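Chemist: Fold the following, please.
(chains A and B)
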Amino acid sequence: MLALIAEILVALLIVIGSSFALIGSFGLVKLPDLVTRLHGPTKATTVGVGAVLIASMIYFTVLEGDFSFHELVITLFLFLTAPLTANFIAKAYMHRHIRHDALPSTNREEGWATYDPPGEEGPLAPTQNPVTQPPAKT
Amino acid sequence: MIDLALLYGFIALAAALLCTAWRLSVGPTMADRILALDTMVIDTLALIVLYGIHHGRSVLFEAAILIAMVGFISTVAYCRFILRGDVIE
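Modeler: Residues are numbered from 1 along each chain as shown, chains lettered A, B, ... in the order given. This next block holds a predicted model:
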């Protein structure tokens, strides 16, 4: 009975996970430009790979009889690194294809972090609202 | 039942890999290609895990972990190359 329930659960999780991976990759083809395209593969990363890894955990623990947990390591690694890669790809796209003055002013001493490295250099982006600009430190 | 689900999973992941390969070859900007490579790594990861279930072997997870790490590092290195013109400054 337990084996039957585990088998149904494993089959369901495999179908859900691979469907989400397919949907995420299809979004990569269908969506119009990169900033919207970043939305698609997050589904493949979180739900897709997550469901497949849970299915494999249940399969090896219940049906094969040896307790396995190192799938959790892959899930944890993917959940930690997915925002980082999305942020880096968005920054690379902005660096190459979005003009600096297309962004609103930050109203601070530093400009946008993508274009203006923190430190002594001062703002690179034009300040469109100089009234709310704080006075420069001496 | 698991065999049928595995068959569906293999077919769906193969279609997903074809979609990412199309975006990788067509993709108008460089960031599109990086995103397609990253998605391709993730689909390959799911494919390896399904292959491990199919053969009843849990040895393949080390390969999955390695592919996840190499994919992350290569994505970050490529983005950093575009951002700064250099990988390690």
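
Chemist: How about stretch A:66-77 and chain B, any contact?
Modeler: Yes: using CB under 8 Å from any CB of the partner chain, stretch A:66-77 reaches chain B at A:66, A:68, A:70-71, A:73-74, A:77. Quick note: C-beta positions are derived from backbone N, CA and C, even for glycine.

Chemist: For the residue lying closest to residue A:85 once chain neighbours are set aside, what is the enclosing helix or strand?
Modeler: Closest residue to residue A:85 apart from its sequence neighbours, by CB to CB, 6 or more residues apart in numbering or on different chains: residue B:75 at 4.8 Å. Applying DSSP states H and E as the criterion places residue B:75 in helix B:60-84.

Chemist: show me where chain A has helices.
Modeler: Using DSSP state H, the helices of chain A run over A:2-30, A:34-37, A:40-43, A:49-58, A:71-97.

Chemist: Packed most tightly, which of the ones you listed would that be?
Modeler: Each of the helices of chain A was assessed for mean neighbour count using mean count of other CB atoms under 10 Å in any protein chain shown. The highest is helix A:49-58, with a mean of 24.

Chemist: which helices and strands sit right next to that one?
Modeler: Judged by 3 or more CB pairs under 8 Å, 6 or more residues apart in numbering or on different chains; DSSP states H and E, the packing partners of helix A:49-58 are helix A:2-30, helix A:71-97, helix B:30-55.

Chemist: so, in contact with chain B or not, the longest one?
Modeler: Yes: legend: contact between helix A:2-30 and chain B by CB under 8 Å from any CB is shown at A:7-8, A:10-12, A:14-15, A:17-19, A:21-22, A:24-26, A:28-29.

Chemist: Present the helices and strands packed on helix A:49-58 as JSON lines; the columns should include distance to residue A:43.
Modeler: Output for these, formatted as JSON lines (distance: least, CB to CB, whole Å):
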{"stretch": "helix A:2-30", "distance to residue A:43": "4"}
{"stretch": "helix A:71-97", "distance to residue A:43": "11"}
{"stretch": "helix B:30-55", "distance to residue A:43": "10"}
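
Chemist: of all those, which lies closest to residue B:65?
Modeler: Checking those against residue B:65 by CB to CB gives helix A:71-97 as the closest, at 5.8 Å.

Chemist: Between helix B:30-55 and that closest one, find me the angle.
Modeler: With axes from the mean of the first three to the mean of the last three CA atoms, to 10 degrees applied, the angle from helix A:71-97 to helix B:30-55 works out at 160 degrees.

Chemist: same question for helix A:71-97, mean pLDDT?
Modeler: Computed over helix A:71-97, the mean pLDDT rounds to 87.

Chemist: relative to helix A:49-58, how tilted is it?
Modeler: Going by the same axes, to 10 degrees, helix A:71-97 is angled at 170 degrees with respect to helix A:49-58.

Chemist: could you say what helices and strands the least confident helix or strand in chain A by mean pLDDT packs with?
Modeler: One helix or strand of chain A scores below all others by mean pLDDT, DSSP states H and E: helix A:40-43, with a mean of 84. Applying 3+ CB pairs under 8 Å, 6+ apart, one finds that helix A:40-43 contacts helix A:2-30, helix B:30-55.

Chemist: So, low pLDDT: which residues of the chain?
Modeler: No chain in the question, so chain A it is. For chain A, the stretches with pLDDT under 70 are A:114-138.

Chemist: You answered for a different chain; I wanted chain B.
Modeler: Scanning chain B for pLDDT under 70 picks out B:89.

Chemist: In space, not sequence, find me the middle residue of it.
Modeler: Geometric centre of chain B, nearest residue: residue B:41, 1.2 Å, by CA atoms, centre = their mean.
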